[in-house]
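Student: no sequence for this one, just the structure:
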C-alpha cells in the first residue's frame with residue numbers, strides 16, 4: 001500500500017504519535033535542532049511531520065526510522081507480525097549487535113537473537129509457508145530422530161532458560 005496522506009497511515013500510527021509543524025533538513029546527514037518555536041505539537045491537518053514521541057506516555061517513543069536504502073516489510077503468517085528485509089550487507093559482528101539491541105528493546109523476540117548466536121544466521125519462512133503447514137511438517141519428518149537436531153533443541157532450551165533468568169534479574173534490578 002502506498003501512503004499518500006495522513007488518513008492512509010494505520011490507525012495505531014494516527015492515534016499514538018505526535019504531529020508537528022516543522023521543517024526537516026534536506027540533508028539526512030544533518031541533525032535537525034528542535035527549537036521551542038517549532039516543537040509544539042499541532043493538529044495533523046496543520047502539521048508537516050510526525051514524531052516518534054508518544055501522544056499518550058511521556059518519555060516513551062514508538063520507533064520510526066527513515067531508512068536510506070531498499071527495505072521490504074512483508075506480513076508473516078501470524079496476523080499482526082511482519083518480516084523485515086533490508087537490502088544492505090553488514091558483517092556478522094554488526095548484525096549480532098543490531099539483533100542484541102533490538103532484542104533488548106523488545107523489538108524482536110529473544111529467540112531471534114538466540115537463533116543467530118546458535119546458527120550465525122537468522123531465518124524467515126518464505127511467503128506462503130505457514131507454521132506447521134504441510135511443507136514444514138514434511139521437512140520436520142525428514143529430520144526427526146536426527147541426533148544433531150535434538151542436540152540443537154537442547155542448546156536452544158538452555159539459551160531460553162538463560163534469557164528468562166536474565167529477564168527475571170532485570171525485573172528485580174532494572175539498573176543491571
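Tutor: That came through fine. Predicted model only: the values in this text are computed from it and were never measured.

Student: other SSEs contacting the helix or strand containing residue 165?
Tutor: Using DSSP states H and E, residue 165 sits in helix 147-172. Here helix 147-172 touches helix 110-119, going by 3 or more C-beta pairs under 8 Å, 6 or more residues apart in numbering; DSSP states H and E. Any C-beta I mention is one placed from the backbone N, CA and C, and that applies to glycine too.

Student: List the buried residues in the helix it packs on.
Tutor: 110, 113, 114, 115, 116 (16 or more other C-beta atoms under 10 Å).

Student: What separation is there between the last one and residue 110?
Tutor: By that I understand residue 116. 11 Å (C-beta to C-beta, to the nearest Å).

Student: For the chain, which segments count as helices?
Tutor: For the chain, helices defined by DSSP state H occupy the ranges 11-16, 92-104, 110-119, 134-143, 147-172.

Student: Which of those helices sits closest to residue 43?
Tutor: Closest to residue 43 of these is helix 11-16 (C-beta to C-beta; 11.6 Å).

Student: Please tell me the pLDDT value assigned to the residue nearest in space to the middle of the chain.
Tutor: With distances taken as C-alpha atoms, centre = their mean, residue 107 lies nearest the centre of the chain, 4.1 Å away. Here the pLDDT value assigned to residue 107 is 95.

Student: Show the contacting residues for it.
Tutor: Counting by C-beta atoms under 8 Å, 6 or more residues apart in numbering, residue 107 makes contact with residue 63.

Student: Could you do the one 10 residues further on as well?
Tutor: Under the criterion of C-beta under 8 Å, 6+ apart, the contact list for residue 117 reads 96, 159.

Student: per-residue confidence at it?
Tutor: 93.

Student: same thing with residue 9?
Tutor: pLDDT, residue 9: 83.

Student: Correct me if wrong: it contacts residue 3.
Tutor: Yes - assessed by C-beta atoms under 8 Å, residue 9 is found in contact with residue 3 at 5.7 Å.
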